[in-house]
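>>> Sequence and predicted structure, then a few things I'm wondering about:
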Amino acid sequence: MTEHPVTYKSLALRGIAAGGIAGVASALVQLLVTEIPIRAALAVEEAREPAGESAGHSHGGEEELVSRGAQIVGGMLGVVIVGIAVGLVFATAYALSKRWFTGRTPFSRSFAFGAAVFGAVALLPWLKYPSNPPAVGDPETVNYRTALYLGVVVAGLAIVWGASWLAERLRAQSQPVRVTAVLLAVVAAVAVVLAAFPAPSDTIPADMPVTVLWQFRLSSLAQLATLYVGLGVVFGLLIDPATRKAKAVGKAAVA
Amino acid sequence: MTSPAAHLSAVRVPKWALAVSLLGLIVTYLVLQENGLALGASSELLHEFFHDGRHALGVPCH
């Protein structure tokens, strides 16, 4: 290959850019989709509280710390910041990866990596501990729930790492055998994680409509998919020399 | 075989890359999960400001 050498710094900058773009896309999903059930959940919460009393967590009550408008903007900003931070970590992991689909193009490696990260740090925790809108969680158990959530995230990342390790170990096998074996191992590992971690401690309050709950959960999943799969796609676009080559060819054709 | 990714496996990752990644993880933690563990009571403003994003990304809250 006659490509100019790829440096870590160039990958990291592209990770930041890709994370920012995916974060903006995810924040837009939040504004247009997720905010609808959040608003409905806040109405449930407000109807619950007797006038003047707040359980130490304000969502636009009378003694609010941050206004609702600021929470919407802040929430979107938070998603973009997380996108950038995750993009940086993603780029570093990509640079360090030595056996992740090494035979593929950079775009297809990045796309597959983004999809795998989505599965590990978003879909798997979502399956075990589905996201909850405001007005559901018990403040007393938040640290316990957070520890379990992070545990599932770590387990998910371990499964991705293990799948990649297993695929490398089975290199001598034919592709169909290898893919089947890795898939079976992943399914078994996911089943073990889902069975081993304790059930969610949240009881869904009776006044929370099930439609609002699930509208929120599915919106949340859509937003997570936008963030992580989007990160993989945009990072792939930015790092793959084929992107620039095609552009150069296009320009030449126009000229 | 000259795989398309061959030149990528030659990426030399400097030591500061790990510090940078750690920073990324810390930022993610602060935005998504600052319940007062790291910054104490002053974190409440941060917590409320990023409130909707935390819920939307499915992180445990309250």
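Cool, got the structure. Residues are numbered from 1 along each chain as shown, chains lettered A, B, ... in the order given.

>>> what about stretch A:22-37, how long is it end to end?
When the termini of stretch A:22-37 are compared using CA to CA, to the nearest Å, they are 22 Å apart.

>>> Revised request: answer the last question for stretch A:120-128.
This stretch, stretch A:120-128, spans 12 Å end to end (CA to CA).

>>> Flag the shaky bits of chain B, pLDDT-wise.
B:1-10, B:34-42 (pLDDT under 70).

>>> Then chain A?
A:1-5, A:51-63, A:247, A:250-255.

>>> how about stretch A:163-179: buried residues?
By neighbour count with 16 or more other CB atoms under 10 Å in any protein chain shown, stretch A:163-179 contains the buried residues A:A163, A:S164, A:L166, A:A167, A:L170, A:R178. Any C-beta I mention is one placed from the backbone N, CA and C, and that applies to glycine too.

>>> Restricted to strands, list those residues.
If you go by DSSP state E, the buried residues of stretch A:163-179 have nothing in strands.

>>> Could you find the closest non-adjacent residue to the residue of chain B found nearest chain A?
Residue nearest to chain A within chain B (CB to the nearest CB): B:D52, separated by 2.8 Å. Closest residue in space to B:D52, ignoring its immediate chain neighbours: A:G75 at 2.8 Å, by CB to CB, 6 or more residues apart in numbering or on different chains.

>>> And for B:R12?
A:Y8 (6.7 Å).

>>> Identify the residues contacting that neighbour.
With contact taken as CB atoms under 8 Å, 6 or more residues apart in numbering or on different chains, A:Y8 is in contact with A:T92, A:A95, B:V11, B:R12, B:V13, B:P14, B:A17.

>>> let's see 7 Å
Counting by CB atoms under 7 Å, 6 or more residues apart in numbering or on different chains, A:Y8 makes contact with A:A95, B:V11, B:R12, B:V13, B:P14, B:A17.

>>> Show me what the lengthiest helix in chain B is packed against.
Determined from DSSP state H, the single longest helix within chain B is helix B:16-33. Here helix B:16-33 touches helix A:68-96, going by 3 or more CB pairs under 7 Å, 6 or more residues apart in numbering or on different chains; DSSP states H and E.

>>> what angle separates the next helix or strand after the helix it packs on from helix A:68-96?
Using DSSP states H and E, the helix or strand that follows helix A:68-96 in sequence is helix A:106-118. Interaxial angle of helix A:106-118 relative to helix A:68-96 (axes from the mean of the first three to the mean of the last three CA atoms, to 10 degrees): 120 degrees.

>>> And helix A:106-118, what's buried?
Buried residues in helix A:106-118 (16+ other CB under 10 Å): A:P106, A:F107, A:S108, A:R109, A:S110, A:F111, A:F113, A:G114, A:A115, A:A116, A:V117, A:F118.
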